[in-house]
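> Predicted structure and sequence below. I'll ask about it afterward.
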Amino acid sequence: MAADSYEIQGRTVELPAVVRDASSGSVMYLVDRDAAQAIVPDAFEVAEAAPGQTQLTLVIVDYRDNDLGDYYEVGIIFFVRPAGDPEAELGSYIHALPVNQSFTCEAGCRIWGFPKSVEEIEFSYRDDSATCRLTMAGQHVLTLTVPRGGDGQTEDSEATGYTLIEGVPHTNTFTRGGSGECTTPGGEGVALELGSHPLADELRSLGLEQATPLLSNWSEHMRGSFGPSVKLDR
């Protein structure tokens, strides 16, 4: 059974962990399905969004009020199902999740199996855009700019996530909603620069440097929650 609370660095984290306010941006791409599957663990199968292709999403988040602290985060996300179970619910699998604080790093790894690591992340804002720069081991990984602005609203909705905890597949449920949102089709206003770090090379091998995004999204005030991780019943 999943625990309802965890002791992390002398603090108690109760589930669900709640995000009360954050700004988040995302950019979605289509990449080669076989190349993506080679990156994703064998426990999961990437979903085919178009013939021979799957979706990859880059996510940047500026958490301001969150049970795990106020910190920056970058995510590289694929959409998957458990291997051998084509009827299972489609969910997100996070390939890498750099953050810039140790508490959220340890909590994310222990509670959910998120592949968090503490890295150098910088955010900057303009009236019409937000830019995030990620550096790992002194090497530039990526700089992503997404268009910002809008007055859209998103009601809270549930989604499924898949992770590995000590090599064992788990699933979790999270919620997300927001305000001050805008969705921009294609690559208008999006700029992606890949650096020299091996993670950048991995993204480059998927064709992201030349790819035109399907869409981008910005939420000025994102909220959400993360429930417990539960071992998959296989």
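The structure has been received and is ready for your questions.
> from here on, contacts and neighbour counts on C-alpha atoms
Fine.
> tell me, what residue is most central in this protein?
The residue lying closest to the centre of the chain (Cα atoms, centre = their mean) is residue 75, at 3.5 Å.
> I'd like the distance between that residue and residue 11.
Distance from residue 75 to residue 11, counting by Cα to Cα, to the nearest Å: 25 Å.
> Local confidence estimate at the spatially closest residue to residue 110 that is not a sequence neighbour?
Distances taken as Cα to Cα, 6 or more residues apart in numbering put residue 165 closest to residue 110, at 7.9 Å, once the chain neighbours are dropped. As predicted, residue 165 sits at a pLDDT of 96.
> How many residues are close by residue 165?
Look at residue 165: counted by other Cα atoms under 10 Å, it has 19 neighbours.
> before we move on, back to that, tell me how far the residue nearest to the centre of the chain lies from residue 163.
14 Å.
> Show me the shaky parts of the protein.
1-3, 234 (pLDDT under 70).
> Bridging across strands, which residues link to residue 118?
residue 99 (DSSP bridges).
> Quick one: residues contacting it.
98, 99, 100, 101, 102, 105 (Cα atoms under 8 Å, 6 or more residues apart in numbering).
> For residue 73, see how far away the fourth one is.
I take that to be residue 101. 9 Å.
> out of those two, which sits in the more crowded spot?
The neighbour comparison of residue 101 against residue 73 (other Cα under 10 Å) goes to residue 73, with 28 against 20.
> gap between the nearest residue in space to that one that is not next to it in sequence and residue 132?
Leaving aside its sequence neighbours, residue 73 sits nearest to residue 99 (Cα to Cα, 6+ apart; 4.4 Å). Distance, residue 99 to residue 132, using Cα to Cα: 12 Å.
> With residue 218 instead?
Taking Cα to Cα, one finds residue 218 at 13 Å from residue 132.
> between these two, which one's more packed in?
Between residue 218 and residue 132, counting by other Cα under 10 Å, residue 218 is the more crowded of the two (29 against 23).
> For the more buried one, list the residues it contacts.
23, 24, 25, 26, 146, 147, 148, 149, 180, 181, 182, 183.
> which one of those is nearest residue 207?
Closest approach between the contacts of residue 218 and residue 207, by Cα to Cα: residue 26, at 17.4 Å.
> Which helix or strand contains the residue nearest to the closest one when sequence neighbours are not counted?
In space, and not counting its chain neighbours, residue 26 is closest to residue 59: 4.3 Å by Cα to Cα, 6+ apart. Assigned by DSSP states H and E, residue 59 belongs to strand 53-66.
> Using PDB, write out every CA atom in the helix or strand just after that strand.
Per DSSP H and E, the first helix or strand lying C-terminal to strand 53-66 is strand 72-82. The C-alpha trace of strand 72-82 is given here as PDB (Å, rounded to 0.1, in the frame of the first residue of the first chain):
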ATOM      1  CA  TYR A  72      12.500  25.700 -11.000                       C
ATOM      2  CA  GLU A  73      12.000  22.500 -13.000                       C
ATOM      3  CA  VAL A  74      12.500  21.200 -16.600                       C
ATOM      4  CA  GLY A  75      10.800  18.000 -17.900                       C
ATOM      5  CA  ILE A  76      11.300  15.800 -20.900                       C
ATOM      6  CA  ILE A  77       8.100  13.700 -21.200                       C
ATOM      7  CA  PHE A  78       6.900  10.900 -23.400                       C
ATOM      8  CA  PHE A  79       3.400   9.400 -23.500                       C
ATOM      9  CA  VAL A  80       3.300   5.700 -22.800                       C
ATOM     10  CA  ARG A  81       1.300   2.600 -21.700                       C
ATOM     11  CA  PRO A  82       2.600  -0.300 -19.700                       C
END
